[in-house]
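Participant: What shape does this take:
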Amino acid sequence: MSELTFVNHLDLSDNHLSGKIPSSTQLQSLNASCFARNPGLCGPPLSQKCWSGEQTPNQSEASEEYGDEFWKWFYATTGFGFVVGFLGVCGSLLLKDSWRHAYFLLFDNMKNWVYITMAVNMARLQRKFQRHHFLCRA
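Facilitator: Here you go, the predicted structure:
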């Protein structure tokens, strides 16, 4: 924010901001009321002085921390969901004979359908090429 230029009006009140207000001509020229009700903010134009060791929080570190935490939870819940889904499907197939037989019968029927469809289409294609070849010779 300290690199903003040509700011005419900016109201940052009630945003739970904290740390030292960055030094810049734009932010320093704003009225103190623009930063109202942010008890953690300090430095000019506010009357609250900063401690000597207090620095402006590094936003990239905070977002990196949040990003790391997000990905940890994302992978944990994705892994948990995979295990639950896998055990739900495979467990039911292992425990219930009628479901297992119906499941494999479905795949057997699908395999047969694909084989028959391909065989019929290949025969049609061969007939089409034979007719075309016959017409070209005559």
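Participant: remind me, longest helix of this structure?
Facilitator: What stands out as the longest helix in the chain, according to DSSP state H, is helix 97-137.
Participant: What is that one packed up against?
Facilitator: Helix 97-137 is packed against helix 59-95, with contacts defined by 3 or more C-beta pairs under 8 Å, 6 or more residues apart in numbering; DSSP states H and E. Just so you know, the C-beta spots here come from the backbone N, C-alpha and C atoms, and that holds for glycine as well.
Participant: Just checking the distance from the helix it packs on to the centre of its chain.
Facilitator: Remark: helix 59-95 is offset 13 Å from the chain centroid, using C-alpha atoms, centre = their mean, to the nearest Å.
Participant: elements contacting that helix?
Facilitator: Using 3+ C-beta pairs under 8 Å, 6+ apart: helix 59-95 touches helix 97-137.
Participant: Quick check: mean pLDDT of the helix it packs on?
Facilitator: Over the span of helix 97-137, the pLDDT mean works out to 90.
Participant: do stretch 81-91 as well
Facilitator: 94.
Participant: Next, the angle helix 59-95 makes with the longest helix of the chain.
Facilitator: 100 degrees (axes from the mean of the first three to the mean of the last three C-alpha atoms, to 10 degrees).
Participant: Distance-wise, check residue 35 relative to residue 23.
Facilitator: Using C-beta to C-beta, to the nearest Å, one gets 14 Å for the distance from residue 35 to residue 23.
Participant: Then residue 107?
Facilitator: Separation of residue 107 from residue 23 (C-beta to C-beta): 69 Å.
Participant: Ok, residue 17 next?
Facilitator: Residue 17 is 16 Å from residue 23, where distance means C-beta to C-beta.
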